[in-house]
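Colleague: Model the structure of this input:
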Amino acid sequence: MAGHENNRHPSPAEATAVPDSLPPLPPAFEALLHAVIPPPWQAQALASYTTAKDVVFRLNPLRLQDRAAAMQALAALPVQPVPGVSDVFRLPPRARTALTHHSLVADGSLYIQGIASMAAVWALQPQPHEEVLDLAAAPGGKTALMAACMDNRGRIAAVEPVRARFFRLKANLQRLGVRNTQLYLKDGRQVGRLVPQRFDRVLLDAPCSSEAQITRLDPRSWAHWSQRKVRASAQVQAGLLASAADALKPGGVLVYSTCSLSPEENECVLDVLLRHRDDLQPEPAPWPCPLPAVPGLTEWAGQTLHPGLVHARRIIPTEWTDAFFLCRLRKRSPGS
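Modeller: This is a model prediction of the structure:
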């Protein structure tokens, strides 16, 4: 699903389970891991499914009044800065409850958000003067980070089709001090047709099969996952991606991302678009934080894919990162 900044994490009781007693991952999912994660990363990736993950959070400049005071308020917690990025930190899993109930979270000065979710916004690089589209915006963590990057200037159009998620998005953005965003309760697949070539940048963090939420600590986490779910997600993603491309201005930047590892939801969806449109080209994405990631695939299931997909990145699940995929695309200007 889109908007996975605050995925469910195991309780302390679940986190202390003995790994050998845990149920195995679905065979099809484990086969996927072996197929898309290079051997040097596989042991660490597989181990990440048996323990609770570190908590990652960022300070929110749209609400934060006094950074020094905020850091003092967090002094009792074992906070570690994430290298390469300012005001992003991680904590061990045992500190999750204390952080979740902290006053800085309640007043919006601090937001708990997976580092991969932040990476999608860093790849997009929204600027203060621009008009930006967030095509599947709930619950709003990426929208709020974009607003922070833009210093609450310019304009963000945040689209969400599900009513309950739309109102959660609205409440989150209000709490986080976002003021440059207009919200639309709408199917994102319609947007490109309604406002073609309008936006300087587009973020599509697409609804997906939610493979990043799978954990051996809770068999319920894969209750609804199947290869049929992957295929159904890919159909929705293709429609949203075509809409996102239509809504983008020539010269603009589109970032496509999912919390899925399956190539069918990632490279294969992009490959279909790129083979039907010659005005879009993958390009390297800014990568300020040393995230464990590997290049996108240019071949899958015997099919050769667009060579530019080597610029995509698949983030490896580890003790502090969730599974994630992102690709940055540039729309060519006419005649270029």
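Colleague: So which residues of the stretch 101-250 of the chain form strands?
Modeller: For the stretch 101-250 of the chain, the strands defined by DSSP state E, counting those that start in this stretch cover 110-112, 131-134, 155-159, 181-184, 199-205, 248-258.
Colleague: Just tell me which of those strands ends up closest to residue 217.
Modeller: The closest approach between residue 217 and any of the strands of the stretch 101-250 of the chain, judged by Cβ to Cβ, belongs to strand 110-112 at 18.6 Å. All C-beta spots, glycine's among them, are computed from the backbone N, C-alpha and C.
Colleague: where does the stretch 1-150 of the chain dip in pLDDT?
Modeller: Along the stretch 1-150 of the chain, the parts satisfying pLDDT under 70 run over 1-20.
Colleague: Could I get the full set of helices for it?
Modeller: Here the stretch 1-150 of the chain has its helices, by DSSP state H, counting those that start in this stretch, at 12-15, 27-36, 39-47, 67-73, 96-100, 103-106, 115-124, 141-149.
Colleague: looking at the strands of the stretch 101-250 of the chain, which is closest to residue 166?
Modeller: Judging the strands of the stretch 101-250 of the chain by Cβ to Cβ, what sits closest to residue 166 is strand 181-184, at 6.8 Å.
Colleague: thinking again about what came up before, with respect to burial, which of the helices of the stretch 1-150 of the chain scores highest?
Modeller: For those, average neighbour numbers computed from mean count of other Cβ atoms under 10 Å are highest in helix 141-149, which has a mean of 26.
Colleague: what about the closest residue to residue 163 other than its chain neighbours, how many neighbours?
Modeller: If you skip the residues right next to it in sequence, residue 163 has residue 185 as its closest partner in space, 6.5 Å away by Cβ to Cβ, 6 or more residues apart in numbering. Counted by other Cβ atoms under 10 Å, the residues lying close to residue 185 total 14.
Colleague: Next, the distance between the ends of stretch 251-270.
Modeller: 18 Å (Cα to Cα, to the nearest Å).
Colleague: ugh, wrong one, stretch 190-198
Modeller: According to Cα to Cα, stretch 190-198 extends 14 Å from its N-terminal end residue to its C-terminal end residue.
Colleague: can you check stretch 319-334 too?
Modeller: Between the opening and closing residues of stretch 319-334 we find a distance of 45 Å, counting by Cα to Cα.
Colleague: And stretch 180-191, by the same measure?
Modeller: With Cα to Cα as the measure, the ends of stretch 180-191 fall 19 Å from one another.
Colleague: so how far is it from its chain's centroid?
Modeller: Here stretch 180-191 is found 18 Å from its chain centre; the criterion is Cα atoms, centre = their mean, to the nearest Å.
Colleague: Dump the strands of the stretch 101-250 of the chain to a markdown table, plus distance to residue 193.
Modeller: As requested, these are arranged in a markdown table below (distance: least, Cβ to Cβ, whole Å):
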| stretch | distance to residue 193 |
| --- | --- |
| strand 110-112 | 33 |
| strand 131-134 | 13 |
| strand 155-159 | 13 |
| strand 181-184 | 14 |
| strand 199-205 | 14 |
| strand 248-258 | 13 |
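Colleague: okay, the ones you listed in CSV with distance to residue 264 and mean neighbour count next?
Modeller: Below are those laid out as CSV (distance: least, Cβ to Cβ, whole Å; neighbours: other Cβ atoms under 10 Å):
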stretch, distance to residue 264, mean neighbour count
strand 110-112, 30, 22
strand 131-134, 24, 26
strand 155-159, 24, 23
strand 181-184, 29, 18
strand 199-205, 17, 26
strand 248-258, 10, 23
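Colleague: Which among these is found nearest to residue 168?
Modeller: Evaluated with Cβ to Cβ, these place strand 181-184 nearest to residue 168, the distance being 11.2 Å.
Colleague: what residue lies at the spatial centre of the protein?
Modeller: Centrality entry for the chain: nearest residue to the mean C-alpha point is residue 117, 3.4 Å, by Cα atoms, centre = their mean.
Colleague: Mind naming the longest helix for the protein?
Modeller: In the chain, assigned by DSSP state H, the helix with the most residues is helix 227-247.
Colleague: tell me the angle it makes with helix 27-36.
Modeller: 50 degrees (axes from the mean of the first three to the mean of the last three Cα atoms, to 10 degrees).
Colleague: buried stuff in helix 227-247?
Modeller: By 16 or more other Cβ atoms under 10 Å, the buried positions in helix 227-247 come out as 229-230, 233-234, 236-247.
Colleague: Surely residue 122 and residue 289 touch.
Modeller: Yes - using Cβ atoms under 8 Å, residue 122 is in contact with residue 289, at 7.4 Å.
Colleague: Could you list which residues are in contact with the nearest residue to residue 187 once chain neighbours are set aside?
Modeller: Using Cβ to Cβ, 6+ apart and skipping residues adjacent in sequence, the residue nearest residue 187 is residue 161, 4.7 Å away. When contacts are counted by Cβ atoms under 8 Å, 6 or more residues apart in numbering, residue 161 is found next to 185-188.
Colleague: Among the residues you listed, which one has the most neighbours?
Modeller: Using other Cβ under 10 Å as the neighbour definition, these reach their maximum at residue 188, which records 26 neighbours.
Colleague: residues contacting that one?
Modeller: Contacts for residue 188 (Cβ under 8 Å, 6+ apart) come out as 135-136, 159, 161, 204, 240, 243-244.
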